[in-house]
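Chemist: requesting a structural model of the entry that follows:
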Amino acid sequence: MNRRTLPVTAALAATAVLLLTGCGGGGDDSSPDKDKIAGADQGTTKPKKSREPATSTDDNPDGVDLSLPKDMRLIFDWDRPNDKNEAAAMDDAANFFRAIYRGVDKRTAKDAAVSAYATGGGLHYAQVQINEWVKGGWTATGTLRHYRATTRSAANGNSVEVTFCADSSKYFGKEIKTGKVLRTKPSIKDFDHYKLIMTKMPTGKDLWQASKVFVETEAAQCR
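Modeler: Prediction:
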């Protein structure tokens, strides 16, 4: 199956494609303005403050249950930036993906974690991903690694661009009914590059939601 195709076709059962691309608030990275955020200064801030890689076993942030089964392991192998807003946006970008896979595990796109960490195009993206897994009768198993993250703030302080790579070479689909793991051979298709626009909630809470999702599949720069 072509990983760029939406919706998922039956060929997914053979190739065990993971997160889909090109939907909900996403865009075409061939756009001349692909490196710009409206109102953002164009200096890229690389994370500086080190910490241990975050995994799917972190406690519940913001009072939201993000727990996942032990065989569904998400690793965020990156350092947090010094800027408070950018660090919070990066943390909630990770929580956005935890929420998606919690929805996959719980078999619903209406899980509270999804609406907590997504809005607008980001919410549509998450719902489409979860629903296609549910329709196909699949869950996920293995380790999905996220790395090489950078952040960039908009001038108004209300949005942050978070970019990172993802390696799904050790993360597979699994049939719900049979328990069969749909293993694939390692290839360039295992590497994706994400750009999330994280927007601060206007409620005064230090909570950031994915409002747009852009994905480059078969991302050579992530190998």
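
Chemist: the residue most central in space within the chain in helix, strand or coil?
Modeler: The residue lying closest to the centre of the chain (C-alpha atoms, centre = their mean) is Phe97, at 3.9 Å. Of the three states, Phe97 takes helix under DSSP: H, G, I helix; E, B strand; the rest coil.

Chemist: the residue nearest to it when sequence neighbours are not counted: what's it in contact with?
Modeler: Distances taken as C-beta to C-beta, 6 or more residues apart in numbering put Leu74 closest to Phe97, at 6.3 Å, once the chain neighbours are dropped. For every residue, glycine as well, the C-beta is placed using N, CA and C. Going by C-beta atoms under 8 Å, 6 or more residues apart in numbering, Leu74 touches Thr55, Ser56, Leu68, Ala94, Phe97, Arg98, Tyr101, Thr143, Leu144, His146.

Chemist: mind telling me what element Pro69 is part of?
Modeler: Using DSSP states H and E, Pro69 sits within no helix or strand.

Chemist: right, and it touches Asp105 too?
Modeler: Yes: contact status for Pro69 versus Asp105: in contact at 5.9 Å, counting by C-beta atoms under 8 Å.

Chemist: looking at these two, which one has more neighbours?
Modeler: Higher neighbour count among Pro69 and Asp105: Asp105, with 17 against 13, using other C-beta atoms under 10 Å.

Chemist: pull out the buried positions in the helix or strand hosting that one.
Modeler: Here Asp105, judged by DSSP H and E, is contained in helix 84-106. Neighbour-count burial for helix 84-106 flags 85-106 (criterion: 16 or more other C-beta atoms under 10 Å).
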